[in-house]
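Enquirer: Predicted model follows, preceded by the sequence.
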Amino acid sequence: RAGIRKLKAARDRRQAPFVDRAAYVNWNAMMAAAFLHAGAVLDRPECNRLALKVLERIWNEAWDSERGMSHVLGRTDPRGMLDDNVQAAAAFLDAYEATGTTAWLERATGVMKYCAGAHWDDAAGGYFDVALDRTAGAGGTYLATRGKPVQDAPTPSPNGVAALVLARLWAITDSPEWRTQLDRQLAAFAGGAGDLALHGATLLRAADWAVHPVTRIAVAGPGGEGPACAMHLLARQPYSPRRVV
């Protein structure tokens, strides 16, 4: 303990290193999604409340229907990055499954429709990492060459997450529009998926949705305490691949 006190006193005389306190949209969306899963598995409603508060802030402060998600909460630029958009859409779908509130489904749908217009490569398929309209990203913020990230390194790849969101939207709505987009997205990367190995796990999870049956669980009834609420929680607690509630 004496040694720790001496080390602490010596460190306090040095200039503190820079700490990045920016609230990034993609990472906050991933954290909110994790809290929503924890809220179900651990039966901790406070986890859900925190996650929904974060996602409401993302929607209110970061989203622009013409320019996509901003990269940092509280800032208008840069924006138009694929990862921010698809991670937010995925978390919005988690919020829909956790609450049954259709507004979250509509928000996820709006984000993916924006991505279809702003990021999609009509020639070869797949989503570019930044919007095609470079003015959406505050001029020279981005590198000159666009990419189509599909490798999980280390977070889930934007194109893999996009495919998962498309798969879930198709499973929830049963709309052929989303199934068509899912098939086009998977076809764009199918030839090289095997070379990704473990780093292609997110994309391959989406392929699993495309080729195997999906389980749809619908629970109807009043919210709050009661049988419907209990059944909804039970439906979400165990892990099950290709399931929507």
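Expert: Yep, it's here.
Enquirer: which residues are in contact with the helix or strand of the chain with the lowest mean pLDDT?
Expert: Lowest on mean pLDDT, DSSP states H and E among the helices and strands of the chain sits helix 193-196, with a mean of 84. With C-beta atoms under 8 Å, 6 or more residues apart in numbering as the contact definition, helix 193-196 has outside contacts at 150-152, 200, 203-204, 207. Every C-beta, even on glycine, is put in place using the N, C-alpha and C of the backbone.
Enquirer: run the last query once more with 6 Å
Expert: Residues from elsewhere that reach helix 193-196, judged by C-beta atoms under 6 Å, 6 or more residues apart in numbering: 151, 200, 203.
Enquirer: can you list the weak-confidence ranges in this structure?
Expert: 134-143 (pLDDT under 70).
Enquirer: Does residue 51 fall in a helix, a strand, or a coil region?
Expert: helix (DSSP: H, G, I helix; E, B strand; the rest coil).
Enquirer: still on that earlier bit, mind checking which of the contacts of helix 193-196 land in strands?
Expert: With strands taken from DSSP state E, there is no overlap with the contacts of helix 193-196.
Enquirer: ok, those residues vs residue 164, which is closest?
Expert: Closest approach to residue 164 among those (C-beta to C-beta): residue 203, at 8.6 Å.
Enquirer: Might one say that the closest one is in contact with residue 160?
Expert: Yes: applying C-beta atoms under 6 Å as the test, residue 203 and residue 160 come out as touching, 4.1 Å apart.
Enquirer: quick revisit: going through the contacts of helix 193-196, which ones are buried?
Expert: Neighbour counting by 16 or more other C-beta atoms under 10 Å classes 151, 200, 203 among the contacts of helix 193-196 as buried.
Enquirer: Inside helices: which ones of these?
Expert: residue 203 (DSSP state H).
Enquirer: Distance to residue 71 added to the buried ones among the contacts of helix 193-196, as CSV?
Expert: Shown next, in CSV, are those (distance: C-beta to C-beta, whole Å):
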residue, distance to residue 71
151, 20
200, 25
203, 23
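Enquirer: That's all I had, so thanks and see you.
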